[in-house]
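# Any chance you could fold what I've pasted below:
(chains A, B, C, D, E, F, G and H)
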There are 8 protein chains.
Amino acid sequence: MSMVWQVYLAGEIHTQWRAEITGLSETLGVNAAFCSPITDHQLSDDIGQHITGAEQKAFWNDFKSARLNQARNKVLLEKSDIVVVRFGEQYRQWNSAFDAGYAVAHGKQLISWHDESLNHALKEIDAAAITVVNDVDQVVKALTYICK
Amino acid sequence: MSMVWQVYLAGEIHTQWRAEITGLSETLGVNAAFCSPITDHQLSDDIGQHITGAEQKAFWNDFKSARLNQARNKVLLEKSDIVVVRFGEQYRQWNSAFDAGYAVAHGKQLISWHDESLNHALKEIDAAAITVVNDVDQVVKALTYICK
Amino acid sequence: MSMVWQVYLAGEIHTQWRAEITGLSETLGVNAAFCSPITDHQLSDDIGQHITGAEQKAFWNDFKSARLNQARNKVLLEKSDIVVVRFGEQYRQWNSAFDAGYAVAHGKQLISWHDESLNHALKEIDAAAITVVNDVDQVVKALTYICK
Amino acid sequence: MSMVWQVYLAGEIHTQWRAEITGLSETLGVNAAFCSPITDHQLSDDIGQHITGAEQKAFWNDFKSARLNQARNKVLLEKSDIVVVRFGEQYRQWNSAFDAGYAVAHGKQLISWHDESLNHALKEIDAAAITVVNDVDQVVKALTYICK
Amino acid sequence: MSMVWQVYLAGEIHTQWRAEITGLSETLGVNAAFCSPITDHQLSDDIGQHITGAEQKAFWNDFKSARLNQARNKVLLEKSDIVVVRFGEQYRQWNSAFDAGYAVAHGKQLISWHDESLNHALKEIDAAAITVVNDVDQVVKALTYICK
Amino acid sequence: MSMVWQVYLAGEIHTQWRAEITGLSETLGVNAAFCSPITDHQLSDDIGQHITGAEQKAFWNDFKSARLNQARNKVLLEKSDIVVVRFGEQYRQWNSAFDAGYAVAHGKQLISWHDESLNHALKEIDAAAITVVNDVDQVVKALTYICK
Amino acid sequence: MSMVWQVYLAGEIHTQWRAEITGLSETLGVNAAFCSPITDHQLSDDIGQHITGAEQKAFWNDFKSARLNQARNKVLLEKSDIVVVRFGEQYRQWNSAFDAGYAVAHGKQLISWHDESLNHALKEIDAAAITVVNDVDQVVKALTYICK
Amino acid sequence: MSMVWQVYLAGEIHTQWRAEITGLSETLGVNAAFCSPITDHQLSDDIGQHITGAEQKAFWNDFKSARLNQARNKVLLEKSDIVVVRFGEQYRQWNSAFDAGYAVAHGKQLISWHDESLNHALKEIDAAAITVVNDVDQVVKALTYICK
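Residues are numbered from 1 along each chain as shown, chains lettered A, B, ... in the order given. Down below sits the predicted model:
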């Protein structure tokens, strides 16, 4: 089967972890194509009011942007084979956990990436993952193996 | 249709918010039955090793408990009509966000309960919710209306 | 099979057509249980602000109420076997048409009730219906036959 | 992921709004392919009798055409990622609302386009939409963002 | 599990084969509840015009009745665990074969009952059946075993 | 959307009706690709024993061949958008009716082709079809319209 | 939610392990109802020929019985919440592994019970299980916890 | 329809049976593409610890590897049209049986290949297969016929 594996990179958009994965994957010739949420943080926060104008209440501005981001993410998640979810120390990243739950319910294969210090807090997400890894090398090793 | 609405109460298990909802609902005669994850915190953390023995690594102890809790929660979430998810200020509650994503992917109706201070951090989950509320009265008002 | 057939009554909530169906069905002993959207028009318009407060923009007040009503209706539609949708001359009833599309996509059996004058305007909905009827007697005759 | 987003343009076929969207999208290089119901109004009304002959009753002529149109639309809707639904002031467009309900039930991302004057009448459909817009620029802005 | 098995009896409605099955099953205490299409042949042919009036063309009279019968049968088939389909020598019973295909696509367990003389003509339906039987005793033996 | 519509041609394999459809469709540039069951009648009857040897009982020879044919047909039916089913005067074609039921249960768009003399006998299948036609020109007209 | 959890006990039918589980569960008041394949080994092997007569080839006798057993098991597995699968040292129990795969694909919660000596051989099934246990006490402890 | 049939080759990875199938298929021009689990036995056993380090208990090493293999296999099984499962005399191959159950639950067409000596032990899996074959020629004959 000459498929290219589709990999969704879920999680925080403050650091450059996605580029690490795609860069290393390209170097190693991993048989995968990557997609992700919009990673322009400011744009993803403001897209709602950018399209249909600002709301008085911050809640509705957030809501409008989140609806658009969620629409995009749902479509991409549903078309993926594998979802890598990255949790950092600094952020609450509830949307990452939400995406992980959404992906698992759709039968996607979940790879959970975080520091060991988060093991206990993330145990439910790890329990749904096919592997729990701690660095980019491990992520790409897993993709290299699965996406053959 | 003489159905009783099934309501799953997802979220942190450190405070008594579930009893507030079920108590007020009973008082008001809301047409709903409630279920929830195991709320005995210690037991839910230790159930894995309680059944099959302790592991050397904390990771596997967590993993074993989480697998059992997740199994229970998935069955209950899939049988529910409505999922109320509660986020507190103090906890990361990634499992609550995960459950919310899982529930939405299964077409469940989500009610998101948290303080306004969390509005921005929870905007993706709020965007998937049918209503975003700030206290127990609002939760029960929503249930009273929907579960007629 | 000793089932009671579940019938959802979709459509305008300005006239008493639901009571006509349920009354005649009861008289004739039709083997069906009925459910419907919230038919208290004012309440269904205001439920959003009733629960979480009034918004400045009418749009968000409408939105909040509609989200709650839709949540309720989706659950009931998905649990139904038959959906009767009623279109009157005076109202646009886009929500009724939306519910009909939602019901058909979920494989529900649709009965379309309207005056002949609306035949052309409603032809797409009629084309998805198992029967197109013009009065309450015809609705109940159809239910009597199907729900045996 | 090198996907082209599939966008279904549902709604009235009396005005040239589809050409506005596709034209502007092409100009801006939006990563989307568009499809729509048959927009030749006369043909879409007469296709039934064109194929299998005229019926005596207008109802059956309408029915036969609508069955064919619906078949085509269902297949295209199910293959789409995003559905833009357009409501004009002048038409009842129950079929557009029906298509919107059908699309939402299949998990499609709905963009609702109409004048603000229709906000209240369309609140249930807007409540199911990922964004509610008022002109072609807003539609294309939303597509530009989502279909990256 | 204290379930009662639901059994749909599909096939011709000219002979009394259903009463044979239900009678013998009752005698033997088979743990099953039975349902079937409307077996009043004249009524099932005429129900369409009985409800909404006679059409000029026989085709539309047939069509209207068949739509109603199909609606009923689909709901019952989807709620069944087992479908017994009976083919007689004298009838074409394309609707029985249609129901069998519909049931198999929904994952129902199919029991095919016909004389050996029809083996070759019915080989595709037999190939989808869990057993192919030739008389009422064999049907009820199979139900007795499965529905324990 | 630059899709090619997938059309499955179900029904008897004794006459050349498939070549009529595909030939005329090619001439007219219909945007469709066609597939069908194996139309080599002898081969399709004997394939079971051709692969794993003859059985003593004709029933098992039929069964083995039918299992293989059904496997092929199921995959193709599930990948199709439209299913044309052809009933001739001379054959019982229960497998065609079975395929029609299977296709409808999978949400496929059904075109039913037969002489008017079979209208009453085929009314259930016609009631599930998007159009009922009597000759090859009508089939291709319908495909020309839908597959645009 | 006042549900009783449905538990399917898959695996070998040569020893009395099912009675151990159900007995201990009853003693401890576990909130579960149990079902299983037919455990009368001789009958389950012979049911095919018992109903429709003996075949000359053992293969078809086996086949006929297995078709009936599989039909029963599929229905019960699909209605279950939890599947306990038991592997013993002495038997190949490919049908147990098949049932486990079938259950997991349907989203059932799998409990895998076997001696530690089989850990390596059963690693794929264990990897799909929510817990891997070694004796009846552990099974019932897990059920006690989950089925609250 | 110009599809290439996707065939998954499940089963033991100790002998060269896959190369026999793909080689003969290529020679004969069978219209199929093949995929399989990772067939490097040592690597597939060790991949878990290769990525995230060795565990003290062999169970967790097995578990980590099996999770990764299962993830890969599930994705490939779900994308396949046909699954060939091979059982040899020497191995328990519970994972092969598990994969077969998983595939059947997803509606895949199963070809079961094993020696006649295993007929009785494998009767449940054979009962779910579209054909049961004994050598590579028979497998490829079946593929040649189905994948036309």
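# Tell me how far residue A:106 lies from chain D.
10 Å (CB to the nearest CB, to the nearest Å). Any C-beta I mention is one placed from the backbone N, CA and C, and that applies to glycine too.
# okay, now that residue: neighbour count?
Using other CB atoms under 10 Å in any protein chain shown, the number of residues around residue A:106 comes to 17.
# how many neighbours does the residue nearest to residue A:25 when sequence neighbours are not counted have?
Nearest non-adjacent residue to residue A:25, counting by CB to CB, 6 or more residues apart in numbering or on different chains: residue A:140, 5.6 Å away. Neighbour count of residue A:140, defined by other CB under 10 Å: 23.
# so residue A:83 sits in a strand?
Yes - the assignment for residue A:83 by DSSP: H, G, I helix; E, B strand; the rest coil puts it in a strand.
# How about the residues of chain A by chain H?
A:1-3, A:5, A:81-82, A:107, A:109, A:130-134, A:138, A:141-142, A:145-146, A:148 (CB under 8 Å from any CB of the partner chain).
# Please repeat the previous calculation with a cut-off of 7 Å.
Contact residues (CB under 7 Å from any CB of the partner chain) of chain A with chain H: A:1-3, A:81, A:109, A:130-131, A:133, A:138, A:141-142, A:145-146, A:148.
# Show me which residues of chain A are close to chain G?
Close to chain G, as judged by CB under 7 Å from any CB, chain A has no residues.
# Can you list the low-confidence ranges for chain A?
A:1 (pLDDT under 70).
# Can you report how many residues neighbour the closest residue to residue A:13 other than its chain neighbours?
Spatial nearest neighbour of residue A:13, excluding adjacent residues (CB to CB, 6+ apart): residue A:39 at 4.5 Å. Under the neighbour criterion other CB under 10 Å, residue A:39 is assigned a count of 14.
# Could you look up the SS state of residue A:39?
Three-state call for residue A:39 (three-state DSSP): coil.
# Next: residue A:15.
coil.
# Okay, buried residues for stretch A:132-144 please.
A:132, A:133, A:136, A:138, A:139, A:140, A:141, A:142, A:143, A:144 (16 or more other CB atoms under 10 Å in any protein chain shown).
# next one: stretch A:88-96
A:88, A:91, A:92, A:93, A:94, A:95, A:96.
# can you list the residues you listed in CSV and add distance to residue G:76?
Listed next are those as CSV, based on distance: CB to CB, whole Å:
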residue, distance to residue G:76
A:88, 46
A:91, 46
A:92, 43
A:93, 41
A:94, 39
A:95, 39
A:96, 38
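# Give me the contacts around the longest helix that chain A contains.
Using DSSP state H to define each element, chain A has its longest helix at helix A:58-79. Residues from elsewhere that reach helix A:58-79 (CB atoms under 7 Å, 6 or more residues apart in numbering or on different chains): A:6, A:8, A:35, A:37-38, A:44-49, A:52, A:54-55, A:83, A:99, A:102-103, A:106, A:108, B:119-120, B:123-124, B:126-128, C:60, D:1, D:3, D:81, D:109, D:130-131, D:142, D:145-146.
# now stretch A:83-103
A:7-12, A:14-15, A:17, A:21, A:73, A:77, A:108, A:110-115, A:118, A:122, A:125, A:139, B:92, B:94, B:97-102, B:104-105, B:121-122, B:124-125.
# Try it again at 6 Å.
Contacts to stretch A:83-103, defined as CB atoms under 6 Å, 6 or more residues apart in numbering or on different chains, come from residues A:8-12, A:17, A:77, A:108, A:110-114, A:118, A:125, B:94, B:97-98, B:100-102, B:105, B:121-122, B:124-125.
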